[in-house]
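Colleague: Got a predicted structure plus its sequence, pasted below:
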Amino acid sequence: MPAAPPSRPGGSIPSRLLQPVLLLAVMWAARIMDDLLPYDANRELGIQSWAWEGLDGILVSPVLHGSWAHLGANTVPFLALGVLVALDGAGRFWGVTAVIAVFGGLGVWLVSPPGTITVGASGLVFGYFGYLLVRAFVAPSLGHGILYALLAIGVAAVYGTSMLAGIIDAGAGVSWQAHLFGGIGGAYAAVLLRPRRIRRAPAPPG
């Protein structure tokens with residue numbers, strides 16, 4: 001009986017690409033429920049700066065959005081960058097997402113004016129951008145490094161200007177704190193979760 005082919009670490013390509021789609025589906029479902037239910041999820045579950053009860057929003061707020069326009073503006077960049085991150089593996093995608101959410105959420109909670117409520121996936125979008133830019137420098141091999149460098153150049157060419165504007169000139173009602181700390185969190189995730197280089201034992205003397 002032939003042996004089953006070894007499973008790929010991180011899952012098959014379709015299963016990897018499915019991960020950001022699933023998270024995006026949760027965001028859309030949350031937006032629908034917010035319209036249907038008499039419950040202000042954004043106020044109750046968003047990050048409320050400088051309030052202890054607002055800390056629980058760190059992990060929940062990325063799937064919440066203030067309006068359909070807010071969700072629509074985040075959908076395409078989230079899916080595009082999320083898919084690129086997910087190519088590294090399903091587990092890595094969720095690990096990177098968790099690091100960005102926690103790091104970025106804590107930054108928002110600490111730096112935003114007291115009482116400010118922050119929701120939305122833009123912190124994840126900026127985090128994925130930061131992850132992809134730094135990933136090239138922590139690749140396990142030269143070939144992977146070149147590949148991720150080319151990927152980072154392409155991402156920067158498409159999103160770089162708008163990402164920079166989202167931090168420097170975010171506009172009224174837009175959290176530059178989420179953008180800035182999300183991006184830093186993504187860069188940190190690239191270093192924290194980088195693949196370890198395998199050291200080969202020296203060959204025995206012949």
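Modeller: Structure received.
Colleague: Pull out the buried residues from the helix or strand where Leu59 lies.
Modeller: Secondary-structure assignment from DSSP states H and E places Leu59 in helix 57-60. Judged by neighbour count using 16 or more other C-beta atoms under 10 Å, the buried positions of helix 57-60 are Gly57, Ile58, Val60. Where you see a C-beta, it was placed from the backbone N, CA and C, and this is true even at glycine.
Colleague: Let me have those in CSV, extended by pLDDT.
Modeller: Listed next are the buried residues of helix 57-60 as CSV, based on pLDDT from 0 to 100:
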residue, pLDDT
Gly57, 93
Ile58, 95
Val60, 95
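Colleague: which regions of the chain lie under the pLDDT threshold?
Modeller: Residue ranges of the chain with pLDDT under 70: 1-9, 140-143, 145, 169-172, 196-206.
Colleague: any idea which helix or strand carries Gly107?
Modeller: helix 90-111.
Colleague: Can you pull out the residues in contact with the helix or strand that comes right after that helix?
Modeller: Scanning forward in sequence from helix 90-111 by DSSP H and E, the next helix or strand is strand 117-118. Contacting residues not belonging to strand 117-118 are listed as 42-43, 46-49, 54, 57, 61, 108, 112, 175, 177-178 [C-beta atoms under 8 Å, 6 or more residues apart in numbering].
Colleague: Please narrow these to those residing in helices.
Modeller: By the criterion of DSSP state H, membership of the contacts of strand 117-118 in helices covers Asn42, Arg43, Gly57, Val108, Gln177, Ala178.
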